[in-house]
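1. output the structure for:
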Amino acid sequence: AAVKGNENKKLMETPGLKERIGSVGNQFALTTILGFLLSIPVVLMREGSRLGDFMEVAKSTPAVWKNIVASGLWFYGYNECATMTLKKTNAVTQSVANTAKRVIVIIGVALVLGESLDPIKLLGCSIGIFGVFLYSIIDTIVKPKK
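-> Numbering: from 1, shown residues only. Here you go, the predicted structure:
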């Protein structure tokens, strides 16, 4: 994801390319289609033998198709928003925000589902929160060189 973010940021800054592609949404659509096409051979090599079993389950259980479509739409929407955010920030800021999001989701889900937060989970969340906090204040602690 970090590599994709960096490459998308470079594309956004490439002279002339922005005008040819159009919007950030178009850029994200192109990178998604390219990623999908490049992953097909890998998927077929790794999971091709199980494709028949999957199709049988998908034919007999309509919920499988609904969940696949819903998951794909949510994933696409989330990543398109992330690409638009990248346009306004930089890859490091987005990566830090993504880390913060994951920590918040872990804690939120644990609270909603009533799971216990083991010490190791709390330690991981604390490290994530501290890292995000440190990133947000580092410029005030260490003055950037001019």
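
2. give the rounded mean pLDDT of stretch 128-145.
-> Across stretch 128-145, pLDDT averages out at 77.

3. tell me the buried residues in it?
-> Buried residues in stretch 128-145, defined by neighbour count with 16 or more other Cβ atoms under 10 Å: G128, V132, Y135. All C-beta atoms are positioned from the backbone trio N, CA, C, and that covers glycine.

4. TSV for these, including secondary structure and distance to K66?
-> Written out in TSV, the entries for the buried residues of stretch 128-145 read as follows (DSSP: H, G, I helix; E, B strand; the rest coil; distance: Cβ to Cβ, whole Å):
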residue	secondary structure	distance to K66
G128	helix	33
V132	helix	35
Y135	helix	39
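
5. can you put these in a markdown table and add distance to T93?
-> Formatted as a markdown table, the entries for the buried residues of stretch 128-145 read as follows, by distance: Cβ to Cβ, whole Å:
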| residue | distance to T93 |
| --- | --- |
| G128 | 15 |
| V132 | 11 |
| Y135 | 8 |
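
6. break down this structure into its helices, ranges please.
-> In the chain, helices defined by DSSP state H lie at 2-13, 17-21, 24-47, 51-60, 62-88, 91-113, 119-141, listed in chain order.

7. what does the fourth one contact?
-> Contacts made with helix 51-60 from outside it, assessed by Cβ atoms under 8 Å, 6 or more residues apart in numbering, are listed as L44, V64, W65, I68.

8. between those residues, which sits nearest Y76?
-> Each of the contacts of helix 51-60 was scored against Y76 by Cβ to Cβ, and I68 proved nearest at 12.3 Å.

9. that closest one and S60, how far apart?
-> Counting by Cβ to Cβ, to the nearest Å, the gap from I68 to S60 is 14 Å.

10. which one of the two is surrounded by more residues?
-> Summary of the neighbour comparison: I68 and S60, criterion other Cβ atoms under 10 Å, with I68 having more neighbours (11 against 8).

11. show me what contacts G25?
-> Here G25 is in contact with E80, T83, M84 (criterion: Cβ under 8 Å, 6+ apart).

12. any regions of the chain where pLDDT drops low?
-> 1-6, 91, 144, 146 (pLDDT under 70).

13. ok, now with 90
-> Applying pLDDT under 90 to the predicted model, the residue ranges of the chain that meet it are 1-36, 38, 58, 75-111, 113-146.
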